[in-house]
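Enquirer: What follows is a predicted structure for the sequence shown.
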Amino acid sequence: MAFRLKITKDRIKFSVAHFTIFSETQAERLHGHNYYVSLEVRVSDVDSLGFAASMEDLKAASYKISQELDEYVLVPTQNPHLKISEIKDQVEVLWNSKQYLFPKEDVRLLDISNVTCENLAQWFWQRLIKELSPTIEHLEITVRETHGQEAIYGKEVRV
């Protein structure tokens, strides 16, 4: 591939609460992070005006997706150690001997196995791929949890 576009903007971020589960008996305490998302796309060529892809469209789509998670409690629905139920306007999450009860409007149930940088990068990739121009051949998403700690998920795009 001939061209790579990288986008890293401070506003493409989401602030969430979560706890990562390590086993049936080990997990982090409920805490928060400010996750920052950056992306890279690759294309073979530019158009007649010299553009590989619309950076404005990529930024707008990435920001929109980041806002789907911003200021929510993230709960992974595919974790075998959690029991999740919705009771009226609440989401109950049971893990080990702990019970968490959150207002339903403050929760995002994600179809992932755990709230990790790796899973969030792949989740974001799967959401963004639906918004891409057909000229983009490769998409890579980086989710940074803290300075020096990030996960990267990327692969060829089959549009």
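Expert: Yep, it's here.

Enquirer: tell me what the longest strand seen in the chain is packed against?
Expert: Using DSSP state E to define each element, the chain has its longest strand at strand 3-18. Judged by 3 or more CB pairs under 8 Å, 6 or more residues apart in numbering; DSSP states H and E, the packing partners of strand 3-18 are strand 31-43, helix 55-69, strand 72-76. Every C-beta, even on glycine, is put in place using the N, C-alpha and C of the backbone.

Enquirer: Are we agreed that residue 47 is in a strand?
Expert: No - remark: residue 47 does not belong to a strand; assigned using DSSP: H, G, I helix; E, B strand; the rest coil, it is coil.

Enquirer: Quick one: the helices and strands packed on strand 3-18 as TSV, columns for distance to residue 134, mean pLDDT and mean neighbour count too.
Expert: Below are the helices and strands packed on strand 3-18 laid out as TSV (distance: least, CB to CB, whole Å; pLDDT from 0 to 100; neighbours: other CB atoms under 10 Å):
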stretch	distance to residue 134	mean pLDDT	mean neighbour count
strand 31-43	10	95	19
helix 55-69	12	95	16
strand 72-76	31	98	21
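
Enquirer: Could you dump these into JSON lines and include distance to residue 88?
Expert: Output for the helices and strands packed on strand 3-18, formatted as JSON lines (distance: least, CB to CB, whole Å):
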{"stretch": "strand 31-43", "distance to residue 88": "26"}
{"stretch": "helix 55-69", "distance to residue 88": "24"}
{"stretch": "strand 72-76", "distance to residue 88": "17"}
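
Enquirer: what comes up buried for the longest strand of the chain?
Expert: The neighbour-count check on strand 3-18 (16 or more other CB atoms under 10 Å) flags 5, 12-14, 16-18 as buried.

Enquirer: what do you get for stretch 111-121?
Expert: By 16+ other CB under 10 Å, the buried positions in stretch 111-121 come out as 112-117, 119-121.

Enquirer: Go through the residues you listed and name the one nearest residue 144.
Expert: residue 117 (7.6 Å; CB to CB).

Enquirer: mind checking the SS state of residue 118?
Expert: Applying three-state DSSP: residue 118 is helix.

Enquirer: didn't it look like it was pressed against residue 149?
Expert: No - look at residue 118 against residue 149 with CB atoms under 8 Å: they stay out of range, at 11.4 Å.

Enquirer: Report how many residues lie close to residue 157.
Expert: Here the number of neighbours of residue 157 (other CB atoms under 10 Å) works out to 18.
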